[in-house]
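>>> A structural model of the following input is requested.
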Amino acid sequence: MNRSLIAAGCALVLGCASTQKPAPVSQPEAPQARSAATESGPEQPRYLSPSEIAKRLEASEVAYRVEGKDSPPGGWGDQLWPQRVQAVEFPRVVVENGERVVREWPENPAARKLLDEAEPLFQAKKYEEAGKLYARATEVCPDCYMAWNFRGDAAYFADDAATGLEHYRKATALNPDDHRSWFFLGNALAKLGRFDEALDAWGMCLTLSPRYSVIRQFFQTHSHLGLVIREDAIVPRGYAERVGEEISIQFDPNHDLGWFAFANCKALWLGEPSHRKEMTGTTEEHFTSVEELECLGAALVVHEDQKARGKTDASDATLDRLYGIARDGMLLEAVLFEVATRVHPQIVLTQDDTVRQRLKAYVLKHVLVPAGGVDL
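All right, here's what the predicted structure looks like:
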């Protein structure tokens with residue numbers, strides 16, 4: 001552990017006293033970011049500054065302990081936001097009790113049998129023979145959207161992208177909530193030279209499934225398309241957890257001091273149920289974008305303050321990128337895209353079209369972007 005860096009961090013943000021509680025620090029205002037109306041209601045909660053967070057921790061009866069600790073290579077994302085909802089293989093969005101929920105698409109046994117018969121033929125690149133079975137499957141079950149996708153694949157890989165496109169369009173019309181249909185649609189459009197439409201389809205694919213590994217690999221192996229999917233901008237190097245009766249505030253001293261403020265904020269949400277209730281109306285511990293916006297805002301405040309002071313030796317480029325996202329008014333979209341989908345991989349499917357379109361706009365501006373000049 002680099003204790004000199006820990007001491008420097010304590011002096012700016014935490015004032016490491018014998019009680020191991022953070023002391024206040026004056027900082028500029030955080031960049032503005034919208035919070036989810038469904039969580040906060042018509043009146044948005046006021047986010048605390050790093051100074052205000054530190055004051056609340058200092059005044060608390062809860063024991064907080066600051067620790068310098070090396071973070072995992074990809075940050076503490078897995079620890080902060082573990083997956084809690086299992087993804088549905090073939091999703092169908094339905095409304096139950098006034099809420100959009102994800103259910104399994106109903107299977108048609110007769111169509112399933114034909115698809116299973118076609119699979120070995122498709123793998124053997126006998127696309128015409130496989131296509132006949134896929135066509136029969138769509139006749140047996142006209143609403144089986146995956147059968148239309150498979151039928152599209154048979155045409156696409158037989159170098160008939162135009163026919164494949166028709167079948168993919170049918171699949172997206174039947175079920176616009178499966179990201180794979182949009183991915184296939186984008187590929188067909190690109191093969192036909194309709195790149196603007198392809199980009200829009202790929203953007204929708206990523207919107208519905210931000211962590212879809214296939215599309216990420218696709219752009220790595222198809223560099224001629226001139227597009228890349230940027231790595232995460234939210235790579236947390238601060239963390240807080242309960243250890244017995246204490247709250248451990250952890251910060252990687254080899255990274256941006258902004259993550260110290262982030263860890264403070266996470267500790268506040270963990271150790272002070274009154275703050276959670278103040279911000280969300282409940283003390284129940286669950287994922288909320290309000291918490292993430294407040295904590296990331298605190299990180300960005302300290303990050304920008306350090307830059308203004310010329311202290312950039314440990315500055316994280318990811319926070320520069322995240323600050324730009326916040327200035328564009330898209331921090332909420334970044335939280336939904338990068339963080340919420342860790343917890344619930346299909347959470348976007350539960351959102352209405354307005355949210356989806358905002359998220360797609362974020363994807364096309366900050367995630368799926370031209371390769372030239374992009375800092376990955």
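
>>> walk me through the domains of the protein.
According to automatic domain parsing, the chain comprises the domains 3-84+232-370, 107-174.

>>> ok, of those domains, where does mean pLDDT dip lowest?
If the domains of the chain are sorted by mean pLDDT, domain 3-84+232-370 sits at the bottom with a mean of 85.

>>> phi and psi next, for V369.
For V369, the backbone dihedrals are phi -130, psi 160 (criterion: degrees, to the nearest 10).

>>> check contacts around it.
L227, V228, R230 (CB atoms under 8 Å, 6 or more residues apart in numbering). C-betas here are computed from N, CA, C, even on glycine.

>>> hang on, the earlier thing: out of the domains of the chain, nearest to G98?
domain 3-84+232-370 (11.9 Å; CB to CB).

>>> picking up where we left off before, now the domains of the chain in a markdown table, with distance to E99?
Output for the domains of the chain, formatted as a markdown table (distance: least, CB to CB, whole Å):
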| stretch | distance to E99 |
| --- | --- |
| domain 3-84+232-370 | 7 |
| domain 107-174 | 23 |
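
>>> please save the CA atoms from stretch 138-154 in CSV.
What follows is stretch 138-154, C-alpha atoms only, in CSV (Å, rounded to 0.1, in the frame of the first residue of the first chain):
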residue,chain,number,x,y,z
THR,A,138,-42.7,-20.1,-40.0
GLU,A,139,-45.7,-21.7,-41.7
VAL,A,140,-46.5,-23.9,-38.7
CYS,A,141,-46.0,-21.0,-36.4
PRO,A,142,-46.2,-17.6,-38.1
ASP,A,143,-45.7,-15.8,-34.7
CYS,A,144,-42.4,-17.7,-33.9
TYR,A,145,-40.0,-14.7,-34.3
MET,A,146,-36.9,-16.8,-33.8
ALA,A,147,-38.0,-19.1,-36.7
TRP,A,148,-38.1,-16.0,-38.9
ASN,A,149,-34.6,-15.1,-37.7
PHE,A,150,-33.3,-18.5,-38.5
ARG,A,151,-34.9,-18.3,-41.9
GLY,A,152,-33.2,-15.0,-42.4
ASP,A,153,-29.9,-16.5,-41.4
ALA,A,154,-30.3,-19.2,-44.1
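
>>> who touches that stretch?
90, 105, 108, 110-111, 114-115, 118, 122, 127-128, 130-131, 134-135, 137, 163-168, 170-172, 174-175, 178, 180-181, 184, 188.

>>> kindly recompute the last result at 7 Å.
90, 108, 110-111, 114-115, 118, 122, 127, 130-131, 134-135, 137, 164, 167-168, 170-171, 174-175, 178, 180-181, 184 (CB atoms under 7 Å, 6 or more residues apart in numbering).

>>> so how do I select the buried members of the contacts of V369 in PyMOL?
Per 16 or more other CB atoms under 10 Å, the buried members of the contacts of V369 correspond to this PyMOL selection:
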select buried, resi 227+228
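
>>> which one of the contacts of V369 is nearest to L359?
Using CB to CB, the contacts of V369 come closest to L359 at R230, 15.0 Å.

>>> does the closest one touch K365 like I think?
No: R230 is beyond contact range of K365, at 10.7 Å (criterion: CB atoms under 7 Å).

>>> geometric centre of the chain: which residue is closest?
E338 (1.8 Å; CA atoms, centre = their mean).

>>> residue contacts, that one?
So E338 contacts P210, D232, A233, I234 (CB under 7 Å, 6+ apart).

>>> among these, name the buried ones.
For the contacts of E338, buried by 16+ other CB under 10 Å: P210, D232, A233, I234.

>>> now secondary structure and distance to Q250 too, for those residues, in a markdown table please.
Below are the buried ones among the contacts of E338 laid out as a markdown table (DSSP: H, G, I helix; E, B strand; the rest coil; distance: CB to CB, whole Å):
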| residue | secondary structure | distance to Q250 |
| --- | --- | --- |
| P210 | coil | 26 |
| D232 | coil | 19 |
| A233 | coil | 21 |
| I234 | coil | 17 |
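
>>> from these, pick the one nearest K69.
Nearest member of these to K69, counting by CB to CB, is I234, at 19.0 Å.

>>> the closest one and L322 touch, don't they?
Yes: at 6.5 Å, I234 counts as touching L322 under the criterion of CB under 7 Å.

>>> overlap in contacts of the two?
The contact lists of I234 and L322 share L296, A334, where a contact means CB under 7 Å, 6+ apart.

>>> what are the buried residues along stretch 101-115?
V102, W105, N108, A111, R112, L114, L115.

>>> span of it from start to end?
27 Å (CA to CA, to the nearest Å).

>>> how far off centre is that stretch?
28 Å (CA atoms, centre = their mean, to the nearest Å).

>>> and the contacts of that stretch?
88, 90-94, 133, 136-137, 140-141, 144, 147, 150, 175, 346, 349-350.

>>> which of these are buried?
Going by neighbour count (16+ other CB under 10 Å), the contacts of stretch 101-115 have 88, 90-93, 133, 136-137, 140-141, 144, 147, 150, 175, 346, 349 buried.

>>> what's the longest helix in this protein?
helix 289-308 (DSSP state H).

>>> which parts of that one are buried?
Quick answer for helix 289-308 (16+ other CB under 10 Å): 289-307.

>>> ok, stretch 234-250 next?
For stretch 234-250, by 16+ other CB under 10 Å, it's I234, V235, P236, R237, G238, Y239, A240, E241, I247, S248, I249, Q250.

>>> out of the contacts of V369, list just those in strands.
Secondary structure from DSSP state E places L227, V228 of those in strands.
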